[in-house]
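Trainee: Sequence and predicted structure below; questions after.
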2 protein chains.
Amino acid sequence: MSETKDKIVALADRLVRTKGFNAFSYKDISGPLEIKNAAVHYHFPAKADLGVEIVDQDVAKFIAQTNRWKSLPEEEQLVKLIDVFRRHSKEGNICLMGSLAPDFETLEPAMQAKVQEMANGILAWLSHCLEEGRKKKRIHFKGAAKTRALIIISNLQASLLLSRVMGPSAFRHIAEQLLDDLCHK
Amino acid sequence: MSETKDKIVALADRLVRTKGFNAFSYKDISGPLEIKNAAVHYHFPAKADLGVEIVDQDVAKFIAQTNRWKSLPEEEQLVKLIDVFRRHSKEGNICLMGSLAPDFETLEPAMQAKVQEMANGILAWLSHCLEEGRKKKRIHFKGAAKTRALIIISNLQASLLLSRVMGPSAFRHIAEQLLDDLCHK
DNA sequence: TTGTTTACTTACTACTAAGTAAGTATATTT
DNA sequence: AAATATACTTACTTAGTAGTAAGTAAACAA
């Protein structure tokens, strides 16, 4: 991928997380990168093409990260996951899911499919992590692993949203209590 | 308030929840209501005025509802709160907070303040409900009531978002497990 | 050397957005 | 009956938006 194309995706990723997919325009990209509007269209003919690329790169990054954690004990993998969200919180970013889900119905089918793919991927990984952790008595929770995974993901996602409105302490409190609930039965 | 003004706010409320505040336009209102664009501007000169009214009405509705629940046992008040979200889930709506939080930084200061007011109001009510419920040994949880309230709100909010992407079962599973966690220790 | 591809720019189109100024019909007040 | 307020419409401006057609400079390939 060319240097410019990389820069476009990186900036667009940040714009999606800070302003929302429908709220940023190609001008928000061409301006700071000091290229013309048409140059963005050269790399990504339609905005949905850019959106798909953003989600694809995010999914790829998630898979790469979780693969690196594979040999860690499950509760530490959980801490790593929360750390990813903590970093976003510090940068004032919300997560991609939290940004794209509200606008879901306004997205093109190709993007909708990508977002669903991302959601199912994260859910599958976390379910498996929780299940294994419970087997080894390292993680403790009631109910189905998939439901618990859903709850944790929704907590992390919404905590970034709430931090926007209520300040960064919202994320800290939620993250701390979440780990306490799961690890110190 | 005039009939038209009421209709505008009701439709705009639905549009915020389905498309997002920045993604709907005055045309989405004037079209279905069969009035002109300028008629909407007559009632709400700027879009932020309409946004403030939507949040105000939602806050008023929340206060009215919680007041009606006052004499109920705390765990039943909790069920009522979850039922409000369940109704939204069934109508394909997300909650106002879930819709406005991602766009928070693009909102006018007056609207930002209203959204913060709403968030703090809901948090205060739920904290108090949990605290009282714990005192009476009707609700069981670890940690500070305010943190637990934050977790529950973030769960309900995000469960509506996730339901968009993953289907309505996401909400059902989360709501069920949430109540089980709190009420059947 | 000529042709082709890459990575753009210039200069536009078509459309949509929020917002406004001025006019009008109807109801209400004085 | 005259003045005023209410609830609009007509017709418009300004400022974006995504997207495109055609041209260009530089690198690369045959």
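Mentor: Perfect, thanks for sending it. It should be emphasised that the depicted structure is a prediction, and the values quoted were computed from it without experimental measurement.

Trainee: anything in the helix of greatest length in chain A near chain B?
Mentor: If you go by DSSP state H, chain A has its longest helix at helix A:109-135. Yes. Counting by C-beta under 8 Å from any C-beta of the partner chain, contacts between helix A:109-135 and chain B involve A:115-116, A:119-120, A:123. C-betas here are computed from N, CA, C, even on glycine.

Trainee: Considering those, which is situated nearest to DNA strand D?
Mentor: residue A:115 (17.6 Å; C-beta to the nearest atom of the strand).

Trainee: what angle sits between the helix or strand encompassing residue A:165 and helix A:109-135?
Mentor: Element membership of residue A:165 [criterion: DSSP states H and E] is helix A:145-166. Angle between the axes of helix A:145-166 and helix A:109-135 is 110 degrees (criterion: axes from the mean of the first three to the mean of the last three C-alpha atoms, to 10 degrees).

Trainee: mind listing what's buried in the helix or strand just after helix A:145-166?
Mentor: Where DSSP H and E defines the elements, the next helix or strand beyond helix A:145-166 is helix A:169-183. For helix A:169-183, burial by neighbour count (16 or more other C-beta atoms under 10 Å in any protein chain shown) applies to A:170-171, A:173-175, A:177-178, A:181-183.

Trainee: name the helices or strands packed onto helix A:169-183?
Mentor: Where contact means 3 or more C-beta pairs under 8 Å, 6 or more residues apart in numbering or on different chains; DSSP states H and E, helix A:169-183 is packed against helix A:74-90, helix A:145-166, helix B:145-166.

Trainee: I'd like to know which of those helices lies nearest to residue B:32.
Mentor: helix B:145-166 (21.9 Å; C-beta to C-beta).

Trainee: Now do that closest one, average pLDDT.
Mentor: For helix B:145-166, the mean per-residue pLDDT is 96.

Trainee: Please identify the buried residues of it?
Mentor: B:145-166.

Trainee: near chain A, from those residues?
Mentor: Within the buried residues of helix B:145-166, those near chain A by C-beta under 8 Å from any C-beta are B:146-148, B:150-151, B:153-155, B:157-159, B:161-162, B:164-166.

Trainee: returning to what we had before: going by distance to residue B:51, which of the residues of helix A:109-135 next to chain B wins?
Mentor: Checking those one by one against residue B:51 (C-beta to C-beta), the nearest turns out to be residue A:115, at 25.7 Å.

Trainee: Can you get me a residue count around residue A:93?
Mentor: Neighbourhood size, residue A:93 [other C-beta atoms under 10 Å in any protein chain shown]: 20.

Trainee: Check whether stretch A:46-65 comes near DNA strand D.
Mentor: Yes. Using C-beta under 7 Å from any atom of the strand, a contact is recorded between stretch A:46-65 and DNA strand D, made by A:46-48.

Trainee: any idea how far residue A:65 is from residue A:94?
Mentor: 18 Å (C-beta to C-beta, to the nearest Å).

Trainee: follow-up on the earlier one: next one: the longest helix of chain A to chain centre, how far?
Mentor: Chain-centre distance of helix A:109-135: 11 Å, with C-alpha atoms, centre = their mean, to the nearest Å.

Trainee: other SSEs contacting it?
Mentor: Helix A:109-135 packs on helix A:47-68, helix A:74-90, helix A:96-100, helix A:145-166, helix B:145-166, going by 3+ C-beta pairs under 8 Å, 6+ apart.

Trainee: For residue B:106, find the nearest of those.
Mentor: So among those, helix A:145-166 is nearest, using C-beta to C-beta, at 11.1 Å.

Trainee: pLDDT averaged over stretch A:42-51, what's the number?
Mentor: Averaged over stretch A:42-51, pLDDT sits at 96.

Trainee: Which residues belonging to it are considered buried?
Mentor: Buried residues in stretch A:42-51, counting neighbours by 16+ other C-beta under 10 Å, are found at A:43-44, A:47-48, A:50-51.

Trainee: Establish whether that stretch and chain B are in contact.
Mentor: No. Using C-beta under 8 Å from any C-beta, stretch A:42-51 stays clear of chain B, with a minimum separation of 13.0 Å.

Trainee: and chain A, which residues reach DNA strand D?
Mentor: Going by C-beta under 7 Å from any atom of the strand, the residues of chain A near DNA strand D are A:24-28, A:37-38, A:41, A:45-48.

Trainee: Apply 10 Å and report the result again.
Mentor: A:15, A:19, A:21-31, A:36-42, A:44-51, A:108 (C-beta under 10 Å from any atom of the strand).
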